[in-house]
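Chemist: I need the structure of the sequence given here:
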Amino acid sequence: MCAAIVLGSHVGATAQARSRPSVYQTTLEEPNQVTPEITTEALVAILAAKSEPVFDVRSAKEYAIGHIPGTINVSELEVQRISELYPDRGTRMILYCNGPSCGKSKRTSEQLVAFGYTRVRRYQLGISVWRALSHTVQTDLPGFDYIYTGDRTAVFVDARTPAEYARGTVAGAVNIQKGEAAAANDDGRLPLTDKGTRIVVFGRTNEQAKVVATEIAGKAYWNSSYFGGTFDNLAAGHYTRALPPPARLPHP
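Modeler: Numbers count the residues shown, from 1 in each chain. Okay, the predicted model is just below:
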């Protein structure tokens, strides 16, 4: 009889565990919401399929510094632009902002409902939770400039080959290629003791940079991003310089 009770408890606990959503399948579920929320899992699928527009309703500067790749920037102060881009009031769309405590996406969604839109949803977990779940974000050129000129704590990562890196790179950048994030986490190229350090990855192409940035984000560097342009864009903007030649050892 006791064995049966224990077995039943185990089965019940297992069933309960299976019914509980994972962190990727949850939302805030706040009361009195005008528009419904979507989960991280749903947002990943929507962005991959490009099935509906996803709007970042933060400021242009915030967006340039770091945004979820594949999203469109329309700040809450410019909400009328959405109706110009998508005049059909039945258009499905997603809004997001800075996370659970940010009110931008809520206020913007309420404005859109007032305009007659009927299929507005929010990723209210926002960019902060997106990053916390090891997803990387994209940095545009104005954001790169802001970080390069104003943030003296940022670590820049060159994802190109060592030979390309040796010919010239962003001042102070470290060289980390695909597959090296784990080693860089341990050998000093990445700041192991401060996982909140801002990290910006650039490469020959934005895809090369995105691969490395994704690997770095997977090592719990939640404040990492990748440059959405190319190394040539940075060179044209005078963000790069040639590395000094290696020091010559004196002859014995």
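
Chemist: just the helices in the stretch 101-250 of the chain please.
Modeler: 104-114, 126-132, 141-150, 162-167, 181-187, 206-217, 231-236 (DSSP state H, counting those that start in this stretch).

Chemist: out of these, nearest to residue 89?
Modeler: The closest of the helices of the stretch 101-250 of the chain to residue 89 is helix 104-114. By Cβ to Cβ, the value is 8.9 Å. From N, CA and C alone the C-beta is placed, and that goes for glycine too.

Chemist: What is the closest one packed up against?
Modeler: When contacts are defined as 3 or more Cβ pairs under 8 Å, 6 or more residues apart in numbering; DSSP states H and E, helix 104-114 packs onto strand 93-96, strand 120-123.

Chemist: so which of the helices of the stretch 101-250 of the chain is the most packed in?
Modeler: Mean neighbour count (mean count of other Cβ atoms under 10 Å) peaks for helix 206-217 among the helices of the stretch 101-250 of the chain, with a mean of 22.

Chemist: on that earlier part again, which one of the helices and strands packed on helix 104-114 lies closest to residue 102?
Modeler: Closest to residue 102 of these, according to Cβ to Cβ: strand 93-96, at 8.9 Å.

Chemist: List the neighbouring strands of the closest one plus their orientation.
Modeler: strand 54-56 (parallel), strand 120-123 (parallel) (DSSP bridges).

Chemist: Could you take those and lay them out as a markdown table, with extra columns for mean neighbour count?
Modeler: As requested, those are exported to a markdown table (neighbours: other Cβ atoms under 10 Å):
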| stretch | mean neighbour count |
| --- | --- |
| strand 54-56 | 25 |
| strand 120-123 | 24 |
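
Chemist: Those strands into a markdown table, with extra columns for distance to residue 38 and mean pLDDT?
Modeler: As requested, the strands paired with strand 93-96 are exported to a markdown table (distance: least, Cβ to Cβ, whole Å; pLDDT from 0 to 100):
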| stretch | distance to residue 38 | mean pLDDT |
| --- | --- | --- |
| strand 54-56 | 10 | 98 |
| strand 120-123 | 5 | 98 |
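
Chemist: Tell me which of these approaches residue 69 most closely.
Modeler: Closest to residue 69 of these, according to Cβ to Cβ: strand 54-56, at 10.0 Å.

Chemist: Report how many residues lie close to the nearest residue to residue 174 once chain neighbours are set aside.
Modeler: Nearest residue to residue 174 in three dimensions, chain neighbours excluded: residue 189, at 4.4 Å (Cβ to Cβ, 6 or more residues apart in numbering). By the criterion of other Cβ atoms under 10 Å, residue 189 has 16 neighbours.

Chemist: Same question for the one 4 residues further on.
Modeler: By other Cβ under 10 Å, the residues close to residue 193 number 5.

Chemist: any idea how far residue 220 is from it?
Modeler: Residue 193 is 12 Å from residue 220, where distance means Cβ to Cβ, to the nearest Å.

Chemist: which stretch among the helices and strands packed on helix 104-114 comes nearest residue 151?
Modeler: Residue 151 lies closest to strand 93-96 among the helices and strands packed on helix 104-114, at 23.5 Å (Cβ to Cβ).

Chemist: Let's test this: mean pLDDT of the closest one, rounded?
Modeler: For strand 93-96, mean pLDDT is 98.

Chemist: picking up where we left off before, show me the contacts for the residue nearest to residue 174.
Modeler: Applying Cβ atoms under 8 Å, 6 or more residues apart in numbering, we find residue 189 in contact with 157, 174, 175, 176, 183.

Chemist: Is the fourth one in contact with residue 185, as I believe?
Modeler: No - contact criterion Cβ atoms under 8 Å: residue 176 and residue 185 do not qualify, at 9.7 Å.

Chemist: Mind listing the shared neighbours of these two?
Modeler: By Cβ under 8 Å, 6+ apart, no residue touches both residue 176 and residue 185.

Chemist: where do the strands sit along the chain?
Modeler: Using DSSP state E, the strands found in the chain span residues 54-56, 72-73, 93-96, 120-123, 137-139, 155-158, 169-170, 174-175, 199-202, 224-227, 240-241.
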